[in-house]
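Undergrad: When you get a sec, could you give me coordinates for this:
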Amino acid sequence: MTRHVILVLGATGTIGRRVAERLRAAGHAVRAASRSGETAFDWARPGTWEPAVGGVSGVFLMAPDGVPIDPAFVSLAADQGVGHIVLLSSGGIEVMGDERLMAAERAVRDSGAGWTILRPSWFHQNFDEGFLRPAVMAGELMLPMGTVRQAFVDADDIAAVAAAALTQDGHAGRSFEITGPRALSFGEAAEIIGWAVGREITYLGGEEEYIAAQGFSGEAIRAAKAFAALRALGDQPVTEVVSQVTDRPPKPFESYVTEAAARGAWRP
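TA: Just a heads-up that it's a prediction; the model follows:
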């Protein structure tokens, strides 16, 4: 019997490493790929693509923030006989004008391979592994999201949905809006983290102060416009995707914070 191998891109990152770990724990053969991982893969070096994708049956597809997913790689994967591609996209990309991820979704849909698109909300881990950690450590979280609530979702839950989509029937041709169990404002999130670590974390959610803090740069103004479009949608609806796909409830933000604080995620 031929053993199926699953290629996981970004295998040293927040979601990719969790996908690889979950697949391996379930007994699946994994080819973990990244610029510095077990298998070399670099979006800027097309020569690394075919060795990474050759002979695999499924691909967990993602690229670092700001790096486009080259449609030539997606076509290569389909030509190499990949049966299923699971793309890590993001929620709200149309309203925020994220051309990079919209193009990636089109490439996957048009590839000829089976596909599933994951559109998660903000990760819990943005606060301790990602771009918001320095702000949390400094005690001042600045993001122009006002009081609008977002349904933060845990990276482990996203990985569980990805692993299911790669290994189970019934998920092909579907896009999943992945959220946590309830929506919180960034101010509420900052308060919960502050309570867990025993110090105040101030939230500043105004657009003008955000642009000023970024030096009135063109990039800050563009980002503020994207955030404004997201705010205009109002509070993010909660979905049942995690429960429906994984047969277990998503992790609440409070549970994530308690666990992260216990392991010293925000310890100076």
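Undergrad: For residue 77, give me its contacts.
TA: Residue 77 makes contact with 53, 59, 61, 85, 111, 113 under the criterion Cβ atoms under 8 Å, 6 or more residues apart in numbering. For every residue, glycine as well, the C-beta is placed using N, CA and C.
Undergrad: so what's the last one scoring on pLDDT?
TA: Model confidence at residue 113, expressed as pLDDT, equals 97.
Undergrad: how many neighbours does it have?
TA: Each residue near residue 113 was counted by other Cβ atoms under 10 Å, and the total is 21.
Undergrad: do the fourth one as well
TA: Other residues near residue 85 number 25, with proximity taken as other Cβ under 10 Å.
Undergrad: Adding secondary structure and distance to residue 226, write the contacts of residue 77 out as TSV.
TA: Formatted as TSV, the contacts of residue 77 follow (DSSP: H, G, I helix; E, B strand; the rest coil; distance: Cβ to Cβ, whole Å):
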residue	secondary structure	distance to residue 226
53	helix	32
59	strand	28
61	strand	23
85	strand	26
111	coil	27
113	coil	30
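Undergrad: List just the nearest of the residues you listed to residue 178.
TA: Distance from residue 178 was checked for each of these by Cβ to Cβ. The minimum falls on residue 61, at 15.7 Å.
Undergrad: With residue 127 as the reference, measure out to the closest one.
TA: When distance is defined by Cβ to Cβ, to the nearest Å, residue 61 is 25 Å away from residue 127.
Undergrad: residue ranges of the helices in the stretch 101-250 of the chain, please?
TA: For the stretch 101-250 of the chain, the helices defined by DSSP state H, counting those that start in this stretch cover 133-138, 155-167, 186-197, 207-213, 218-232, 241-246.
Undergrad: helices or strands up against the second one?
TA: Applying 3 or more Cβ pairs under 8 Å, 6 or more residues apart in numbering; DSSP states H and E, one finds that helix 155-167 contacts helix 16-25, strand 58-61, strand 84-88, strand 114-120, strand 174-178, helix 241-246.
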